[in-house]
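K.L.:
here's a sequence, model it:
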Amino acid sequence: MFARLARAVVRHPVWTIVAWAAVAIVVIAFSPQMSTESDQGDFLPDSYESVQALDIAQKAFPQQEDTSALIVVKRSDGAPLAAADTAKVQQVALTLNA
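P.N.:
Model (predicted):
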């Protein structure tokens, strides 16, 4: 079977190229359109904390067009942030801004 195919390809190289080009055109014509998004957060489910935080930030600061960084702070025990935690977060934010 492969010997016959090889002989046909060698005897008719132009027809082989035309056939491959036709197959490529048909595949491209019937393939679904692909769109790319520059915002990688669009691919994440709504249940992710980072997506929820971004939604809250967009509601709280609608005038900002673009956020260069968004950091979510959460205690490992799940409790609300205490005053000492908030102070530490502010210290880290100042360090990052510097």
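
K.L.:
tell me which helix or strand residue 80 sits in.
P.N.:
For residue 80, there is no host helix or strand (DSSP states H and E).

K.L.:
let me see the contact set for it.
P.N.:
With contact set as C-beta atoms under 8 Å, 6 or more residues apart in numbering, residue 80 has no partners. From N, CA and C alone the C-beta is placed, and that goes for glycine too.

K.L.:
from residue 1, how far out is the residue of the chain most remote from its centre?
P.N.:
Largest separation from the mean C-alpha position in the chain: residue 11, at 47.0 Å (C-alpha atoms, centre = their mean). In this view, residue 11 and residue 1 are 16 Å apart by C-beta to C-beta, to the nearest Å.

K.L.:
okay, residue 35 and residue 77: tell me how far apart.
P.N.:
42 Å.

K.L.:
repeat for residue 25
P.N.:
Taking C-beta to C-beta, one finds residue 25 at 60 Å from residue 77.

K.L.:
and the two? Which one has more around it.
P.N.:
Neighbours were counted for residue 25 and for residue 77 using other C-beta atoms under 10 Å; residue 25 has more, 10 against 5.

K.L.:
which residues touch the helix or strand hosting that one?
P.N.:
Using DSSP H and E, residue 25 sits in helix 13-30. The set of residues external to helix 13-30 that reach it, using C-beta under 8 Å, 6+ apart, is 8, 9.
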